[in-house]
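**Student:** Have a look at this prediction, sequence included:
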Amino acid sequence: MLKYIIFIVVSCMEYLGIFALMFSAFKINYKWYKAEMLFVCVSLSGVSLVMRESGLTMYTAITQMLLWVLFSWLLFRFNLLHAAVITVVGYLSYAVIQFFIGGVMLLFVPSLEHMSVMMHVLALLSAMSALGVAYYVRLRNWGFTFVPAEQPSRVKYRDKENLYLIVGNFLAFFCFFVTYFLWISYDSTRVLLITLLTVFVNLTVLIYLSTRMEIRKYSKKRPYVK
């Protein structure tokens, strides 16, 4: 029982780190969503625990991300496209942090087994690093504002920039889970580095597309001068 409690607490810390990255990257006030954040953290921790105990570890990440998109859409009331964007960007940002720290740890330990002490150490280090990165992003006033947080917005899915975001999210989603599946299957440092590189490239593409959306938002507000 104790190991399950520790797992849920550590997992909740990880999800709070992801939330911090999501909300700081898109300048969303987390104070509006405290109850929702707690519900999502506990729910996803329970799902993760059940799937790992059932031998479905390699499907845990894909299930969590899909559920997180649904939570962002239905519970946080973001538009579906925006829910996917903020979730994928936050999740991949955290993945880059965790894969990097995990790669460094593998230089000193033989392996990182699920629900082991070293895995909990990795999770806590990743969560604290994510919170630090999120704090620095907010401190520097970086981030995007094209995702309206006050109320759900209507999105023109046939718009060129939105189509780019849809394709970018789908490719990032697909590439991440292919490499994640390979890493879980082979568990080698080389596959870990490939996964880290793939996630980083996909995250860079999504940040670039988000930057284009931000530029378009403010270019529309600029008054026309002859």
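**Tutor:** Great, that's in hand. Residues are numbered from 1 along each chain as shown.
**Student:** Please count neighbours and contacts with C-alpha atoms only from this point.
**Tutor:** Will do.
**Student:** got any ranges where this structure has weak pLDDT?
**Tutor:** Scanning the chain for pLDDT under 70 picks out 149-153, 187-188, 220-226.
**Student:** Just want the most central residue of it.
**Tutor:** Centrality entry for the chain: nearest residue to the mean C-alpha point is residue 91, 1.1 Å, by C-alpha atoms, centre = their mean.
**Student:** packing partners for the lengthiest helix in the chain?
**Tutor:** When every helix of the chain is counted residue by residue (DSSP state H), the longest turns out to be helix 189-221. If you count contacts as 3 or more C-alpha pairs under 8 Å, 6 or more residues apart in numbering; DSSP states H and E, helix 189-221 packs onto helix 80-105, helix 160-186.
**Student:** Show me what secondary structure element comes after the shortest one.
**Tutor:** Same thing as helix 80-105. Going down the chain from helix 80-105, the next helix or strand is helix 117-139, by DSSP states H and E.
**Student:** which residues sit against that next one?
**Tutor:** 7, 10-11, 13-18, 20-21, 24-25, 27, 94, 97-98, 101-102, 105, 112-113, 143 (C-alpha atoms under 8 Å, 6 or more residues apart in numbering).
**Student:** Narrow those residues to those that are buried.
**Tutor:** Neighbour counting by 16 or more other C-alpha atoms under 10 Å classes 7, 10-11, 13-18, 20-21, 24-25, 27, 94, 97-98, 101-102, 105, 112, 143 among these as buried.
**Student:** For residue 46, which non-adjacent residue is closest in space?
**Tutor:** Excluding the flanking residues, the one nearest residue 46 by C-alpha to C-alpha, 6 or more residues apart in numbering is residue 8, at 7.0 Å.
**Student:** next SSE after whatever helix or strand that neighbour lives in?
**Tutor:** Residue 8 belongs to helix 2-25 when assigned by DSSP H and E. Sequence order places helix 34-53 as the next helix or strand after helix 2-25, per DSSP H and E.
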